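1. Build me a model:
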Amino acid sequence: QETQALLRWFADYFMRSTFLDADGALVAFAHQIGDGTDHTCGWMPPELRTPEACPRRAYFASVEKPAADVTASAAAALALSALVLRDTDPQYAERCARAATALYAFAAAHPKSKANADGGLYNSEYAADDLAWAASWLFELTSDIRYLDDTLSPGGWLEGFPGFQISCLQWDTSCWTEAWTHCWNSVRSGVFLRLASLLDRAADGGKYARYAPGLKRTARDAAVDWADGSVGQSPAGFSFLAGWGSGRYNAAAQFIALTYAKRLGADEPELAESVHAWATRQVDYLLGKNPLGKSYVMGITDKFANQPHHAAGHASITGQPDDPPENGHIVWGALVNGPADAADHHVDRRADYGSNEVTIDYNASLVAALAAHYALRDV
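-> Numbers count the residues shown, from 1 in each chain. Below is the predicted model:
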């Protein structure tokens, strides 16, 4: 019940941000509230920010200014919400599905557009991965083959990934090398894993069954490159990609690897075992089994990172992140970045946002990883 309530909270937000006409077509989508001025208005808890002192601008995607990346991402989230809730609340799930369909149709009509002209701080490379991600979930929801057509046909969303050729998928070989993992800028790893899982179920003769081996190989490589050491490790064994958000990338990679092991690794039990062992070492590191003996998740163990760059948690009224030195609140369960470098260092100082930031996507990755660990706890 609690999980569904949280899911509805986000789905309600996305649906309130989605404006449809009488025919169900998208008129506008409010994809962003606030911008870089949020960082310059002053360091204070949100309850002290008044609209007069800190005005926040709303940014909309519309025909005049389309943004396929954010509208497709919202479509994917609402399609997944509909999948989860359709058995317990079919009417609510249908609302989610209608909004998801409209958002996707809009994004598909403007596939080259992005939201990067609208004051955002973190901009997409392109929207093709978001479109493929949304299409995979809408296919799961509706079984409408057109969503796979959009993705797997020549010139489809996958061929929007620079250098990718659909014809490669006809062979049992990897067709893409992922530089990151499933993260804020790229959902390509998740796309390959989703499509491989969908086609694996249709391997008895589905329309795109011939692509199943190539998709599985590509998904496999994208899933296990962290676990097999392709991504560098710190002296203590922490798989490290980048200092800013190191725990976020690591946790997302755990999620992708463990999900591959669960969905597609049945014929490779040794792989599943090694992936699980690697992921266990990684999550244990984040939770305190590291050279500093400190958890990067607030409130976990007796020693944890205690100075997150999080104004609400700090609850200062002085406007300075170092005053007072103590936090007003524990941000329970918040992932505080992770190690700052590949040498297992960390500076627990609130003003050092590169080392101590707390964000929604950090914790989304952490929760996904923990859920995957729970699902494979008997492996």
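2. Isn't residue 213 up against residue 172?
-> Yes: at 4.2 Å, residue 213 counts as touching residue 172 under the criterion of C-beta atoms under 8 Å. (Each C-beta comes from the backbone N, C-alpha and C, glycine too.)
3. For the two, indicate the residue with more neighbours.
-> Taking other C-beta atoms under 10 Å, residue 213 and residue 172 do not tie; residue 213 has more neighbours (18 against 10).
4. and the more buried one, that's in a strand?
-> No: using DSSP: H, G, I helix; E, B strand; the rest coil, the assignment for residue 213 is helix, not a strand.
5. so residue 69 sits right up against residue 115, yeah?
-> Yes: Residue 69 lies in contact with residue 115 (C-beta under 8 Å); the separation is 5.8 Å.
6. Would you mind grabbing the residues shared as contacts by the two?
-> Common neighbours of residue 69 and residue 115, using C-beta atoms under 8 Å, 6 or more residues apart in numbering, are residue 124.
7. in stretch 123-130, what counts as buried?
-> In terms of neighbour count (16 or more other C-beta atoms under 10 Å), stretch 123-130 has its buried residues at 124, 126-130.
8. Could you do stretch 207-227 as well?
-> Within stretch 207-227, the residues that qualify as buried are 208, 211-227, counting by 16+ other C-beta under 10 Å.
9. where does the stretch 251-379 of the chain dip in pLDDT?
-> 378-379 (pLDDT under 70).
10. quick one, helices of it?
-> Counting by DSSP state H, counting those that start in this stretch, the stretch 251-379 of the chain has helices at residues 269-286, 311-314, 353-356, 360-375.
11. In the stretch 101-250 of the chain, mark out all the helices, start to finish.
-> Ranges of helices within the stretch 101-250 of the chain are 128-142, 145-152, 188-201, 212-224, 246-264, based on DSSP H, counting those that start in this stretch.
12. For the ones you listed, give me a markdown table that also has distance to residue 29.
-> Putting the helices of the stretch 101-250 of the chain into a markdown table (distance: least, C-beta to C-beta, whole Å) gives the following:
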| stretch | distance to residue 29 |
| --- | --- |
| helix 128-142 | 13 |
| helix 145-152 | 19 |
| helix 188-201 | 21 |
| helix 212-224 | 29 |
| helix 246-264 | 25 |
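13. closest one to residue 42 among these?
-> helix 246-264 (26.2 Å; C-beta to C-beta).
14. Helix, strand, or coil at residue 29?
-> From three-state DSSP, the assignment for residue 29 is strand.
15. Hmm, it is touching residue 68, no?
-> No: counting by C-beta under 8 Å, residue 29 does not reach residue 68; the two are 10.8 Å apart.
16. Need the overlap of contacts for those two.
-> Applying C-beta under 8 Å, 6+ apart, one finds that residue 29 and residue 68 are jointly contacted by residue 106.
17. surely residue 286 meets residue 296?
-> Yes: using C-beta under 8 Å, residue 286 is in contact with residue 296, at 4.9 Å.
18. list residues touching both of these two?
-> Counting by C-beta under 8 Å, 6+ apart, the contacts common to residue 286 and residue 296 are 247, 335, 338.
19. Most neighbours among those, please name it.
-> The most crowded member of the shared contacts of residue 286 and residue 296, judged by other C-beta under 10 Å, is residue 335 (30 neighbours).
20. need the contact list for that one.
-> Residue 335 touches 247-248, 251, 286, 296-297, 358, 362-363, 365-366, counting by C-beta under 8 Å, 6+ apart.
21. Now tabulate those in CSV and tack on distance to residue 5.
-> Shown next, in CSV, are the contacts of residue 335 (distance: C-beta to C-beta, whole Å):
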residue, distance to residue 5
247, 26
248, 25
251, 23
286, 26
296, 27
297, 22
358, 22
362, 22
363, 17
365, 21
366, 20
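22. Looking at those, which is nearest residue 152?
-> Using C-beta to C-beta, the contacts of residue 335 come closest to residue 152 at residue 365, 27.3 Å.
23. That closest one: neighbour count?
-> Around residue 365 sit 27 other residues, with neighbours defined as other C-beta under 10 Å.
24. from memory it sits against residue 241, does it?
-> No: using C-beta under 8 Å, residue 365 is not in contact with residue 241, being 11.9 Å away.
25. shared neighbours of the two, which are they?
-> Common neighbours of residue 365 and residue 241, using C-beta under 8 Å, 6+ apart, are residue 249.
26. before we move on, back to that, next, give me the two most distant ones among the buried residues of stretch 123-130.
-> Largest separation among those by C-beta to C-beta: 124 and 128, giving 9.5 Å.
27. what's the first-to-last distance across stretch 58-68?
-> In terms of C-alpha to C-alpha, to the nearest Å, the two terminal residues of stretch 58-68 are separated by 17 Å.
28. And it, what's buried?
-> In terms of neighbour count (16+ other C-beta under 10 Å), stretch 58-68 has its buried residues at 59-61, 66-68.
29. Give me the distance from it to the chain's centre.
-> Offset of stretch 58-68 from its chain centre (C-alpha atoms, centre = their mean, to the nearest Å): 22 Å.
30. same deal with stretch 332-349?
-> Centroid displacement of stretch 332-349 relative to its chain, using C-alpha atoms, centre = their mean, is 20 Å.
31. oh, and call the first residue 13 from now on, that's how I've got it
-> Right, with 13 as the first residue, what we last looked at is stretch 344-361.
32. got the contact list for residue 73?
-> Contact partners of residue 73, counting by C-beta under 8 Å, 6+ apart, are 40-41, 43, 79, 82-83, 118, 127.
33. Look up how far residue 33 lies from it.
-> 15 Å (C-beta to C-beta, to the nearest Å).
34. How much space separates residue 316 from residue 372?
-> Taken as C-beta to C-beta, the span from residue 316 to residue 372 is 20 Å.
35. okay, those two: which has more neighbours?
-> Neighbour count, other C-beta under 10 Å: between residue 316 and residue 372, residue 316 has more, with 19 against 9.
36. nearest residue to residue 256 other than its sequence neighbours?
-> Spatial nearest neighbour of residue 256, chain neighbours left out: residue 366 (5.1 Å); criterion: C-beta to C-beta, 6 or more residues apart in numbering.
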